[in-house]
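[1] Here is my input, please return the structure:
(2 chains)
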Amino acid sequence: GAGVSQTPSNKVTEKGKYVELRCDPISGHTALYWYRQSLGQGPEFLIYFQGTGAADDSGLPNDRFFAVRPEGSVSTLKIQRTERGDSAVYLCASSPVTGVTGELFFGEGSRLTVL
Amino acid sequence: KQEVTQIPAALSVPEGENLVLNCSFTDSAIYNLQWFRQDPGKGLTSLLLIQSSQREQTSGRLNASLDKSSGRSTLYIAASQPGDSATYLCAVGLRRTGANNLFFGTGTRLTVIP
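    Predicted structure coming up:
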């Protein structure tokens, strides 16, 4: 597609459940980012992929959060044993260049609600 | 840790007015600064990207300036229109080893009244 695609757009789950959020970046973009945005706040960095490897996962809040990008394109953010505090919009972005040197292109996000 | 502050948090102006949004950051060793627009329930759209060696960037009615030494950036919107109503976010990339992400402000919510 022309832009970054994220699915699902909305996900409601119960506390303790497992959740997967998917990101399909712009074709050819090697850099991929996950951010989390809580209500009324700016996005906060979670993890950065350069190709297939997680080059920087320093923003992941704890070991319940994990992300993969096995073929260097689509990425999945996985959240185990969800908690109500995990409720937020999870944004994915991609870039044709490494690090923060280039422009980031964001998807519309996946809104997660944990009941 | 880099702190990014945006003032005001919300702004309401009549159509046609020129306006300025402010962004300040605590760590001046930045690689670049980006301004984004976010519509309700939507993702972020990049408006302007200013590299650390630049002082300003322009796109249509938008002009963004950067003063690294004072830790400030402004986004100037000329002849505002109702379609400009959105939240505007600034984000900085740090110039240091391992800087692979952007630090965002909390945004300014702009309403342009017809």
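
[2] Which element, helix or strand, includes B:Glu17?
    B:Glu17 belongs to no helix or strand when assigned by DSSP states H and E.

[3] What pLDDT is listed against it?
    We have a pLDDT of 97 for B:Glu17.

[4] do the same with B:Asp27
    86.

[5] roughly how far apart are it and A:Lys17?
    B:Asp27 is 39 Å from A:Lys17, where distance means Cβ to Cβ, to the nearest Å. Quick note: C-beta positions are derived from backbone N, CA and C, even for glycine.

[6] give the contact list for the residue nearest to B:Ala91 when sequence neighbours are not counted.
    Sequence neighbours aside, B:Leu102 is the residue nearest to B:Ala91 in space, at 3.9 Å (criterion: Cβ to Cβ, 6 or more residues apart in numbering or on different chains). The neighbourhood of B:Leu102, defined by Cβ atoms under 8 Å, 6 or more residues apart in numbering or on different chains, consists of A:Pro43, A:Phe45, A:Val100, A:Leu104, B:Gln34, B:Ala91, B:Val92, B:Gly93.

[7] So what's the residue count around the nearest residue to B:Cys23 once chain neighbours are set aside?
    Counting by Cβ to Cβ, 6+ apart, B:Cys23 lies nearest to B:Cys90, which is 3.6 Å off, once chain neighbours are set aside. Number of residues near B:Cys90 (other Cβ atoms under 10 Å in any protein chain shown) recorded here: 31.

[8] swap in A:Leu91?
    25.

[9] Please verify my assumption that it contacts A:Ser38.
    No. Judged on Cβ atoms under 8 Å, A:Leu91 makes no contact with A:Ser38 at a distance of 11.4 Å.

[10] give me the beta-bridge partners of B:Thr108?
    Following DSSP bridges, B:Thr108 is listed with bridge partners B:Tyr88.

[11] Can you name the residues of chain A that neighbour chain B?
    Contact residues, chain A versus chain B (Cβ under 8 Å from any Cβ of the partner chain): A:4, A:6, A:33, A:35, A:40-45, A:48, A:50, A:55-56, A:58-59, A:91, A:93, A:98-109, A:111.

[12] from those, which would you call buried?
    Listed as buried from the residues of chain A next to chain B are A:4, A:6, A:33, A:35, A:42-45, A:48, A:50, A:56, A:59, A:91, A:93, A:99-102, A:104-109, A:111; burial here means 16 or more other Cβ atoms under 10 Å in any protein chain shown.

[13] Wait, A:Val97 touches A:Ala31, no?
    Yes. With contact defined as Cβ under 8 Å, A:Val97 counts as touching A:Ala31 (6.6 Å).

[14] Low-confidence regions, chain B specifically.
    For chain B, applying pLDDT under 70 flags the ranges B:95-100.

[15] if we can go back for a sec, make JSON lines out of the contacts of B:Leu102 and add distance to B:Arg61 and secondary structure.
    Formatted as JSON lines, the contacts of B:Leu102 follow (distance: Cβ to Cβ, whole Å; DSSP: H, G, I helix; E, B strand; the rest coil):
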{"residue": "A:Pro43", "distance to B:Arg61": "25", "secondary structure": "coil"}
{"residue": "A:Phe45", "distance to B:Arg61": "30", "secondary structure": "strand"}
{"residue": "A:Val100", "distance to B:Arg61": "26", "secondary structure": "coil"}
{"residue": "A:Leu104", "distance to B:Arg61": "22", "secondary structure": "coil"}
{"residue": "B:Gln34", "distance to B:Arg61": "18", "secondary structure": "strand"}
{"residue": "B:Ala91", "distance to B:Arg61": "21", "secondary structure": "strand"}
{"residue": "B:Val92", "distance to B:Arg61": "23", "secondary structure": "strand"}
{"residue": "B:Gly93", "distance to B:Arg61": "25", "secondary structure": "strand"}
